[in-house]
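Participant: Curious how this folds, go ahead:
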Amino acid sequence: MMKSSNSPLYLLSCLLMLLLLPVPSLSADPNSLQDFCVADLNASISINGFPCIPASKVGASDFFFDLSKEGITNTSNLNFSLTPANVLSFPAVNTLGIAMNRLDYGPGGLNPPHSHPRATEMGLVIKGRIPVGFVTTSNVYYSKVLTPGEIFVIPRGLVHFQKNVGKGKGIVFTSFNSHMPGAVILSTTLFGSQPPMPNEVLTQAFRVDNSVINTIKSKFGS
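Facilitator: Predicted coordinates for the structure are as follows:
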């Protein structure tokens, strides 16, 4: 005889089944429980993020950030400058899941191949001719030369770059769906880590001699 759909045992069984199912809403980030959470960057506790400054100590200036200043691009061979507006420089974006960067390029300036492990990136070209390229996990390369007014999107975690091929300076503004997207710069990560990555790993991965790896490492101070 079938159990009644109103019996306590039947209802309990249904409840247990629902709890055991991989319900998508249970795995999503929770919604914020306050209007804002300006980050306390000097907090003594360590969590996955930053605790909030008491609302009574927050002022109007905490919610504004200046990205109008041109970055200095001639300090390295990359001829490129990045001005971040993430939680470390703009604490008001803490818990909001957003951040921005200003990218300045001299002629030939390069934002080298890198990835953002915690965010998708969208960018708007303001000035210059900017080739943007990225590589998928299937090793497929996509690229296009963008001009002012055009935008691009880089899926989360994929290796990508931008370069200014115009005759003058270039400017790009990028946005992220994380208040701390992070950046893994491939060349620096592989050849400039401290302590250094073992040569035997790099020579085997890149199929080159030890002398080649040592030469590259010397360029990154490793």
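Participant: rest of the way, CA atoms for contacts and neighbours
Facilitator: Noted.
Participant: and the gap between the spatially most central residue of the chain and His116?
Facilitator: The centroid of the chain falls nearest to Pro181 when counting by C-alpha atoms, centre = their mean (2.8 Å). Going from Pro181 to His116 by C-alpha to C-alpha, to the nearest Å gives 6 Å.
Participant: Same question for Asn86.
Facilitator: Distance, Asn86 to His116, using C-alpha to C-alpha: 13 Å.
Participant: what do the two both touch?
Facilitator: Residues touching both Asn86 and His116 (C-alpha atoms under 8 Å, 6 or more residues apart in numbering) are Pro181.
Participant: how about the helices in the protein?
Facilitator: Using DSSP state H, the helices found in the chain span residues 8-20, 186-191, 199-206, 210-219.
Participant: tell me the pLDDT at Gly49?
Facilitator: Looking at Gly49, its pLDDT is 78.
Participant: show me where pLDDT drops low in this protein?
Facilitator: 1-8, 10-11, 14-31, 222 (pLDDT under 70).
Participant: and it, what are its domains?
Facilitator: Split into domains by automatic domain parsing, the chain comes to 70-183, 192-222.
Participant: residues in contact with Gly49?
Facilitator: Shown in contact with Gly49 (C-alpha under 8 Å, 6+ apart): Asn94, Thr95.
Participant: How about it: which residues does it bridge to?
Facilitator: With DSSP bridges as the criterion, Gly49 is bridged to Ile47.
Participant: How about Ile130?
Facilitator: On the basis of DSSP bridges, Ile130 is bridged to Leu146.
Participant: Any idea how many residues pack against it?
Facilitator: 27 (other C-alpha atoms under 10 Å).
Participant: now Ile154, which residues is it bridged with?
Facilitator: When bridges are called by DSSP bridges, Ile154 pairs up with Glu121.
Participant: Quick check, it in contact with Glu121.
Facilitator: Yes - assessed by C-alpha atoms under 8 Å, Ile154 is found in contact with Glu121 at 5.1 Å.
Participant: quick one, phi psi at the residue nearest to the centre of the chain?
Facilitator: Here is the backbone geometry of Pro181 (degrees, to the nearest 10): phi -70, psi -30.
Participant: ok, now which ones touch it?
Facilitator: Here Pro181 is in contact with Asn86, Ala99, His116, Pro117, Arg118, Ala119 (criterion: C-alpha under 8 Å, 6+ apart).
Participant: quick one: the third one and His179 touch, right?
Facilitator: Spelled out, that is His116. No - applying C-alpha under 8 Å, one finds His116 not in contact with His179, separated by 11.8 Å.
Participant: Can you tell me the closest non-neighbouring residue to Phe50?
Facilitator: Spatial nearest neighbour of Phe50, excluding adjacent residues (C-alpha to C-alpha, 6 or more residues apart in numbering): Ala39 at 5.4 Å.
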